[in-house]
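1. the following comprises the amino acid sequence and a computationally predicted model.
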Amino acid sequence: MKQRITIDHVGIAALTLDQGSRFWELLGLVSSGDDEVVEDQGVITRFYPLASINDDTTKIEILEATEEDTPIGRFLAKRGPGIQQLCLAVDDLESMIEHLLENQIMMIDSTPRKGAHDSLIAFVHPKSTGGILVELKQR
């Protein structure tokens with residue numbers, strides 16, 4: 001199974017979007033679009049695009065929990081602010097999930113679900129990735 005894989009974004013959990021954004025703005029990055037609430041995940045997101053390479057733009061995503069009992073809220077309570085996930089863009093999300101499951105990779109999502117910007121995403125369990133929460137996103 002050959003697919004083009006690129007880094008879509010690095011998700012960084014922050015106590016607030018403004019606190020988490022300060023460093024990136026000092027570097028000169030400018031957020032794209034409006035902040036977005038993703039109800040399903042209990043998070044508010046803000047994206048900072050980096051340079052585009054071959055029409056793929058890697059982004060920094062700042063994540064603020066909407067409540068304590070959400071994935072980002074629990075992450076912050078346990079680990080504090082920091083990198084929460086690595087998101088990889090794939091050509092065919094459903095076939096990638098199927099391929100990973102066939103090869104005994106633990107998935108948090110065995111079917112795609114809605115992410116920020118109406119994208120389709122699925123999370124791979126950190127137990128299968130060496131401790132890294134990997135988000136897969138349909139390109």
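-> Ah, there it is.
2. ok, and what's touching the lowest-mean-pLDDT helix or strand in the chain?
-> Within the chain, no helix or strand scores below strand 43-53, which has a mean of 89 by mean pLDDT, DSSP states H and E. Applying C-beta atoms under 8 Å, 6 or more residues apart in numbering, the external contacts of strand 43-53 come out as 9, 17, 20-21, 24-25, 29-33, 35-38, 57-66, 70-72, 116. Where C-beta positions appear, they are placed from N, C-alpha and C, glycine not excepted.
3. give me the subset of those residues lying in strands.
-> Using DSSP state E, the members of those that fall in strands are 9, 32-33, 35-38, 57-65.
4. and those, which is closest to residue 88?
-> residue 9 (9.3 Å; C-beta to C-beta).
5. buried ones in the least confident helix or strand of the chain, by neighbour count?
-> Neighbour-count burial for strand 43-53, counted by 16 or more other C-beta atoms under 10 Å, picks out 43, 44, 45, 46, 47, 48.
6. how much space separates the second one from residue 15?
-> Residue 44 sits 12 Å away from residue 15, going by C-beta to C-beta, to the nearest Å.
7. identify the contacts common to these two.
-> Residues touching both residue 44 and residue 15 (C-beta under 8 Å, 6+ apart) are residue 64.
8. ok so, going back, now render the buried residues of strand 43-53 as TSV, adding distance to residue 138.
-> Shown next, in TSV, are the buried residues of strand 43-53 (distance: C-beta to C-beta, whole Å):
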residue	distance to residue 138
43	19
44	22
45	17
46	21
47	17
48	21
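9. show me where this protein has helices.
-> Secondary structure of the chain by DSSP state H: the helices cover 17-26, 71-79, 93-102.
10. would you turn the ones you listed into TSV with distance to residue 134?
-> Output for these, formatted as TSV (distance: least, C-beta to C-beta, whole Å):
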stretch	distance to residue 134
helix 17-26	21
helix 71-79	14
helix 93-102	10
